[in-house]
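*Asks:* only geometry, no sequence info:
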């Protein structure tokens, strides 16, 4: 069976995966870019078209960052990653943060209680809006993914729900040595999570620590 | 001026420095020994007389662990580290967890709202019971320490208070990759702490990550 993977997911020392007060201008709230600073300098993120120095670094951070793509057949993301609107879709013009040709190039299942028509973008990305729990959403994503793995793309609540349901095989956490103080906590409700995983830590010269959780046993 | 240092202070991924339900039998509450497991195998902790394999490891964990002693002239600890009693001292027979000859071998300032007579132990340890805020406690500890540094020995609340008061120069945190779920949080109220420190991360084969926070500028 294909794997379910999380990549490039940053958390602060105090366990926050996003700050407080997320808006269109500040998708990470008061955390600003601090949680993702390690990534912005990498070749992988440069290739996604984000602003920054070209061609980007090829060290430890990039070695982890670029694992996000290969082997992935579909992504599942929470509605808050797709965009800042809440509740019913008042504006179906919104097509995500990623421009006309999003970086995913696979089907993307967007979890929302407010379905809307499937959105086909240039370059192979198709957004499917689905009202489903993690198990059902995963089944739908697998049906779209062919033989590929499924990436759980965030945000915090989505990753936490899939961890709580024990659906994650590979979890790449980037521990950023900052104390955010407030925001969305990743680890809440996950007491004893480590019992299900082998965990390896790799520090980077950028100051972050890459933690890779590998699920111990097949389901 | 002498430095104020914290050593061998473990926290979980979700930021807890102790579990829930601390008692005489379980000083770390439901965390049991999981937060200190990395330390118990080291030569340093063997030399403190704790049970375990002799002579103990001399790798990364020990290299960090044994820095707790050299240069220290006095320790400050919270009353809950000294013992499990709360409120007024019903039992002055209690002389701490460390037997007749405690490992400290320096003056130790025990913070408590319930002072009691100074306790002289064999081997150079003297417990002074003091009702003071962090600034005053530090002044008293420095008066006892000669030219030596001051170690803030814990528990969680004591370390957090000294960090909040910006009194710590050297902070050695051991990040243990477990999710405790409940207990005492170290980082609460310390938003932006990283701005005051340079931070270096070193992973250990035991699975923990040693984080050393060095205060950036002189006070």
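*Replies:* Great, that's in hand. Model, not experiment: these values are computed from the prediction. Numbering: from 1, shown residues only, chains lettered A, B, ... in the order given.
*Asks:* Over to residue A:66. Which of the three states is it?
*Replies:* Classification of residue A:66 by DSSP: H, G, I helix; E, B strand; the rest coil places it in helix.
*Asks:* Looking at it now. What's its pLDDT?
*Replies:* Residue A:66 is assigned 95 on the pLDDT scale.
*Asks:* Which pLDDT value belongs to the residue sitting nearest the centre point of chain A?
*Replies:* For chain A, the residue nearest the mean C-alpha position is residue A:153 (2.6 Å; Cα atoms, centre = their mean). As summarised for this prediction, residue A:153 has a pLDDT of 97.
*Asks:* what does residue A:52 give?
*Replies:* 74.
*Asks:* What sits closest to it if chain neighbours are left out?
*Replies:* Using Cβ to Cβ, 6 or more residues apart in numbering or on different chains and skipping the chain neighbours, the partner closest in space to residue A:52 is residue A:40 (5.1 Å). To be clear about C-beta, it is placed using only N, CA and C from the backbone, and glycine gets the same treatment.
*Asks:* on that earlier part again, in contact with the residue nearest to the centre of chain A, which residues?
*Replies:* The contact partners of residue A:153, taken as Cβ atoms under 8 Å, 6 or more residues apart in numbering or on different chains, are A:75, A:76, A:77, A:81, A:108.
*Asks:* Mind doing that once more with 6 Å?
*Replies:* Residue A:153 is in contact with A:75, A:77, counting by Cβ atoms under 6 Å, 6 or more residues apart in numbering or on different chains.
*Asks:* Double-check residue A:113 against residue A:131; I have them as touching.
*Replies:* Yes - the criterion here is Cβ atoms under 6 Å, and residue A:113 meets it with residue A:131 at 5.3 Å.
*Asks:* how far away is the residue nearest to the centre of chain A from residue A:73?
*Replies:* With distances taken as Cβ to Cβ, to the nearest Å, residue A:153 is found 13 Å from residue A:73.
*Asks:* before we move on, back to that, separation between the residue nearest to the centre of chain A and residue B:157?
*Replies:* Relative to residue B:157, residue A:153 is positioned 38 Å away (Cβ to Cβ).
*Asks:* Also residue A:81?
*Replies:* With distances taken as Cβ to Cβ, residue A:81 is found 37 Å from residue B:157.
*Asks:* just residue A:41 next, same as before
*Replies:* Separation of residue A:41 from residue B:157 (Cβ to Cβ): 38 Å.
*Asks:* Same check on residue A:26?
*Replies:* Using Cβ to Cβ, residue A:26 is found at 33 Å from residue B:157.
*Asks:* Report the rounded mean pLDDT for the longest helix along chain A.
*Replies:* Longest helix in chain A, counting residues (DSSP state H): helix A:134-145. Mean pLDDT, helix A:134-145: 98.
*Asks:* same question, stretch A:172-182
*Replies:* 97.
*Asks:* Quick check: buried residues in that stretch?
*Replies:* A:172, A:173, A:174, A:175, A:176, A:177, A:178, A:179, A:180, A:181 (16 or more other Cβ atoms under 10 Å in any protein chain shown).
*Asks:* For beta bridges, what are the partners of the fourth one?
*Replies:* In this case it means residue A:175. Beta bridges link residue A:175 to residue A:11, residue A:209, judged by DSSP bridges.
*Asks:* Now do the same for the residue of chain A most remote from its centre: its pLDDT.
*Replies:* Within chain A, the residue lying farthest from the chain centre (Cα atoms, centre = their mean) is residue A:90, at 24.8 Å. We have a pLDDT of 84 for residue A:90.
*Asks:* Am I right that it sits in a helix?
*Replies:* No - using three-state DSSP, the assignment for residue A:90 is coil, not a helix.
*Asks:* secondary structure class for residue A:188?
*Replies:* What three-state DSSP gives for residue A:188 is coil.
*Asks:* For it, grab the count of nearby residues.
*Replies:* Using other Cβ atoms under 10 Å in any protein chain shown, residue A:188 has 15 other residues around it.
*Asks:* Right, I'll call it a day here.
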